[in-house]
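1. starting from these lines, generate the structure:
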Amino acid sequence: MVAKKQKKILSIGSYNVGLTCRTGRIPAWGETLIGSDFSEGYGGKGANQAVSAAKLGGDVTFVGSLGSDKYGDDGLTMMAEAGINTSHIIRMDNVSTGVGIILLNDDNDNCIIVDLGANNKLAPAHLEALEHVIADSDIVVFQLETPIETVKCGMGIAKRLGKLVILNPAPANIEAVELLSLATIINPNESELLLLNGQHPNANITEQECVQLARNLLEKGPEVVIVTRGEKGSLIVTADETRNIQSVKVDVVDTTGAGDAFTGALAVALSEEKSILDAVQFASLTGAYCVTKEEVIPGLPTKDQLNQFQQTNYCTSGG
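-> Reported below is the predicted structural model:
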């Protein structure tokens with residue numbers, strides 16, 4: 001029997017340097033706190049998702065904008081070493097590579113400030129010139145750390161070409177509602193789900209409310225809404241049904257990058273023609289693995305590492 005050709009994944013989005021520091025709380029304006037455990041690492045949602053997919057065996061290309069600086073050089077090298085096709089990455093003069101400033105508290109929750117830098121210079125014209133790269137891909141993944149008009153242009157090209165389009169609507173942005181008609185799958189977390197429905201992102205919502213808010217988004221165009229809910233698991237909502245995917249119970253070390261690990265793994269599973277149920281279970285396992293590690297890129301698993309992790313953990317579904 002002839003093996004099926006693996007589908008190609010294209011991540012169009014951001015690359016940032018991640019600067020992380022631990023602190024008991026966020027300082028008030030004008031206040032200085034003593035932190036600890038400073039580290040510098042690779043990041044940015046587009047790059048994280050590309051590396052997640054590549055380490056899991058995906059055929060991955062990344063398109064993004066990096067500064068012509070040392071941070072940009074390091075990012076390019078890192079992605080190439082991860083097995084990503086970097087030949088279409090754009091380098092920008094006179095602008096810095098993007099930076100993410102990450103604060104971790106004692107419970108390992110994070111808050112992040114992003115200076116988009118070169119990411120903010122990725123323009124619709126760049127993606128129009130790379131239409132042949134989109135055409136050569138099967139699954140195209142977008143996030144919201146590049147200008148929304150650029151994301152809209154890229155998603156429009158991908159939809160017109162009949163590609164499977166995944167939108168990870170993060171960081172949360174109410175303007176992303178206008179992108180929903182161009183997406184096949186969206187995977188917001190609870191805060192992003194609330195914001196896309198015009199509600200306060202910090203509101204507490206029940207599972208039933210999550211489902212209703214997801215169905216509201218389905219009416220705007222996507223075929224599937226996947227709501228990631230941390231330790232409460234994930235919901236798969238389609239026009240026909242809702243499935244609840246339970247989380248894998250682990251000792252959390254750092255939640256940074258868990259959503260990116262999930263999105264990259266989702267793309268890989270779909271590239272292997274897994275069902276949406278199996279793909280979300282695989283993505284959930286990958287996200288659970290990620291939160292047991294200190295840093296995002298080093299904490300993204302290979303398939304062998306994920307298989308070993310799965311031997312001591314399990315994921316069940318219901319609904």
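
2. the strands in the stretch 51-200 of the chain, which residues?
-> 59-63, 65-67, 90-92, 98-104, 110-115, 139-142, 164-167, 185-186 (DSSP state E, counting those that start in this stretch).

3. let's have those in CSV, adding mean pLDDT, distance to Gly44 and mean neighbour count.
-> The C-beta positions use only the backbone N, C-alpha and C, and glycine is treated the same way. Output for these, formatted as CSV (pLDDT from 0 to 100; distance: least, CB to CB, whole Å; neighbours: other CB atoms under 10 Å):
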stretch, mean pLDDT, distance to Gly44, mean neighbour count
strand 59-63, 98, 10, 26
strand 65-67, 98, 9, 28
strand 90-92, 96, 14, 16
strand 98-104, 88, 6, 22
strand 110-115, 83, 8, 14
strand 139-142, 98, 13, 28
strand 164-167, 98, 16, 24
strand 185-186, 98, 20, 26
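
4. what sits up against stretch 166-173?
-> Identification of contacts with stretch 166-173 by CB atoms under 8 Å, 6 or more residues apart in numbering yields 45, 49, 114, 139-145, 148, 155, 176, 179-180, 182-189, 191-192, 195-196, 201, 222, 259-260, 263, 266-267, 270.

5. may I see the buried residues of that stretch?
-> Buried residues in stretch 166-173, counting neighbours by 16 or more other CB atoms under 10 Å, are found at 166-170, 172-173.

6. just name the closest of those to Lys70, please.
-> Using CB to CB, Ala170 comes nearest to Lys70 of those, at 26.9 Å.

7. where does the stretch 1-150 of the chain dip in pLDDT?
-> Within the stretch 1-150 of the chain, the ranges that satisfy pLDDT under 70 run 1-4.

8. tell me where it has helices.
-> Taking DSSP state H, counting those that start in this stretch as the test, the helices found in the stretch 1-150 of the chain are 45-55, 70-81, 124-129, 131-135, 148-160.

9. now do the buried residues in the longest one.
-> Read that as helix 148-160. Those would be 150-159, for helix 148-160 by 16+ other CB under 10 Å.

10. elements contacting it?
-> Under the contact criterion of 3 or more CB pairs under 8 Å, 6 or more residues apart in numbering; DSSP states H and E, helix 148-160 touches helix 124-129, helix 131-135, strand 139-142, strand 164-167.

11. gap between the last one and the chain center?
-> Put plainly, it is strand 164-167. Computed by CA atoms, centre = their mean, to the nearest Å, the chain-centroid distance of strand 164-167 equals 11 Å.

12. if we can go back for a sec, and the helices of the stretch 1-150 of the chain, which is most packed in?
-> Mean neighbour count (mean count of other CB atoms under 10 Å) peaks for helix 45-55 among these, with a mean of 30.

13. Ala80: which of the buried residues of helix 148-160 is nearest?
-> For the buried residues of helix 148-160, the nearest to Ala80 is Gly154 (22.1 Å; CB to CB).

14. surely the closest one touches Leu127?
-> Yes. Counting by CB atoms under 8 Å, Leu127 is a contact partner of Gly154 at 4.4 Å.

15. give me the common contacts of those two.
-> In terms of CB under 8 Å, 6+ apart, Gly154 and Leu127 are both contacted by the residues 12, 134.

16. centre-most residue in this protein?
-> For the chain, Asp260 is the residue whose C-alpha lies nearest the centre (CA atoms, centre = their mean; 3.2 Å).

17. you'd agree that residue is in a helix?
-> Yes. Looking at Asp260 with DSSP: H, G, I helix; E, B strand; the rest coil, it is inside a helix.

18. OK, contacts around it?
-> Asp260 is in contact with 45, 48-49, 52, 168, 296, counting by CB under 8 Å, 6+ apart.

19. which of these sits closest to Ala118?
-> Lys45 (14.5 Å).

20. if I look at that closest one, how far off is Leu164?
-> Lys45 is 18 Å from Leu164, where distance means CB to CB, to the nearest Å.
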